[in-house]
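Enquirer: here is the input, now give the coordinates:
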Amino acid sequence: MTPRPGLTFSDGGNAHALHHAGALEGIRVATTVEAPLLPLPTARDSDGAELLFFTEESSLRRALRGDLSGEFLPREFPIAMLDDKWAFATWLSSEAGLTGGLRQWSLEVPEVPYPCLVKAKRSWSASRKMPRGWICRSPADRSEAIRTIDALKLDRSLFFTQEWLGDVDARLVSVCGFHDAKDERRRLVAVVERLEASTPGLSCTSVAATIEDSWGLRERAWAILDRLAFTGPYEIEFLVLADRVLTLELNPRFWLQHGLFIPHGNGLMRRYLGIDVEADWAMNQVDGVLWMDGLHLTRSILRGRLGVVASAIRHCRSTGHRVVVWPPIRSCLAALLQRGLGRVRRRGGS
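Expert: Numbers count the residues shown, from 1 in each chain. Okay, the predicted model is just below:
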């Protein structure tokens, strides 16, 4: 039987996970990236596809505006809040009964508490990836961050100042999975905590593990998603400091660690496709898993930096967690080797 065509718009680990999860259900997920980092089939978005899969907000925004053809979730989402951390936090503060976020101020406000974070409202502006942000411990640091924004020829209105809790023992915990605001039976969830980041400071997660939800984060996330009448894949990040819980951001799409659901019945993809049945609903929460970013792990091993491996082994010995590495190391090795050979050829040609 011919696979149903699907389309995604990135080429990283989450796109690779979509391709694999889709293949298990008879879907051929291609990417619009012409020369993808990881081994993925390619296609043009102008060709259209039966199914669309989003790992970032810019393409989801195009779909919500009707500029892309194909079936996708979420079918509805407030575009003004899509990948806008400022707008999302402002909406949270206006909604009674929801878990609010960090304090934030316009970049024009002269007096703010320190340390703080100067960050972009959106991860992308048009096709340009925005800086992750700058930790500011003094007015001089904040002024330097603003000068950097100007030097990068970026609009100051795209940035804001946010409360920073990174210097204290704050934990970054995500509630993620599939949410159906109309049918609780279809909900699938994992509660995971970041154990390591890809680089020091502001960075993506490289290792995360499922944990016991001692703060009712699952119900807090569901309350937010129900208020938005949301149905689709999602990740909501929370900051936990002792008994204080703050909502950090909402990703209303497939996110970096969603590959952790593949070995557990592929429930996330099955729900996205609408082919889930009662047997799938029995697996409604994933526990006992340590997820590792395969690209980060492979690069660390090749560079002889084995600390990430040692810490993962220690964690699994103490918890009994099962390790899920995504993308698989073999795929990452092939991708990095191909990229390295490409660089050699280009240098030889020059």
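
Enquirer: so, low pLDDT: which residues of this protein?
Expert: Residue ranges of the chain with pLDDT under 70: 200-202, 341-350.

Enquirer: could you pull out the helices for this structure?
Expert: 13-23, 57-64, 85-94, 139-151, 217-227, 267-273, 278-281, 294-302, 307-319, 329-349 (DSSP state H).

Enquirer: need the contact partners of stretch 130-143.
Expert: 112, 114-120, 122-124, 144-145, 148-149, 152, 154, 158, 161, 164, 166, 201-203 (CB atoms under 8 Å, 6 or more residues apart in numbering). For every residue, glycine as well, the C-beta is placed using N, CA and C.

Enquirer: rewinding a little: make TSV out of the helices of the chain and add mean neighbour count and distance to residue 34.
Expert: Shown next, in TSV, are the helices of the chain (neighbours: other CB atoms under 10 Å; distance: least, CB to CB, whole Å):
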stretch	mean neighbour count	distance to residue 34
helix 13-23	24	13
helix 57-64	20	15
helix 85-94	18	30
helix 139-151	14	31
helix 217-227	18	35
helix 267-273	24	25
helix 278-281	12	36
helix 294-302	19	19
helix 307-319	13	31
helix 329-349	13	13
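
Enquirer: now those as a markdown table including distance to residue 247?
Expert: Shown next, in a markdown table, are the helices of the chain (distance: least, CB to CB, whole Å):
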| stretch | distance to residue 247 |
| --- | --- |
| helix 13-23 | 22 |
| helix 57-64 | 17 |
| helix 85-94 | 6 |
| helix 139-151 | 24 |
| helix 217-227 | 7 |
| helix 267-273 | 22 |
| helix 278-281 | 27 |
| helix 294-302 | 26 |
| helix 307-319 | 26 |
| helix 329-349 | 33 |
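
Enquirer: these: which one's closest to residue 108?
Expert: Nearest to residue 108, of all the helices of the chain, is helix 139-151, at 10.1 Å by CB to CB.

Enquirer: export the closest one to CSV, keeping only CA atoms.
Expert: In CSV, the C-alpha atoms belonging to helix 139-151 read as follows (Å, rounded to 0.1, in the frame of the first residue of the first chain):
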residue,chain,number,x,y,z
PRO,A,139,22.0,47.8,34.8
ALA,A,140,25.3,47.7,32.9
ASP,A,141,24.6,44.2,31.7
ARG,A,142,21.1,45.1,30.6
SER,A,143,22.4,48.2,28.7
GLU,A,144,25.0,45.9,27.0
ALA,A,145,22.2,43.5,26.0
ILE,A,146,20.3,46.4,24.4
ARG,A,147,23.4,47.6,22.6
THR,A,148,23.8,44.0,21.2
ILE,A,149,20.2,44.1,19.9
ASP,A,150,20.9,47.3,18.2
ALA,A,151,24.2,46.0,16.7
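
Enquirer: among the contacts of stretch 130-143, which lie within strands?
Expert: Counted as lying in strands by DSSP state E, out of the contacts of stretch 130-143, are 116, 117, 118, 119, 120, 124, 161.

Enquirer: mind telling me the two of those farthest from one another?
Expert: For those, the farthest-apart pair by CB to CB is 116 and 124; their separation is 22.9 Å.

Enquirer: and those two? Which one has more around it.
Expert: residue 116 (23 against 14; other CB atoms under 10 Å).

Enquirer: in contact with that one, which residues?
Expert: Residue 116 sits next to 136, 142, 161, 162, 163, 164 when contact means CB under 8 Å, 6+ apart.

Enquirer: you'd agree the fourth one is up against residue 117?
Expert: Yes - assessed by CB atoms under 8 Å, residue 162 is found in contact with residue 117 at 4.7 Å.

Enquirer: coming back round to it: out of the helices of the chain, nearest to residue 287?
Expert: In terms of CB to CB, the element of the helices of the chain nearest to residue 287 is helix 307-319, at 10.4 Å.
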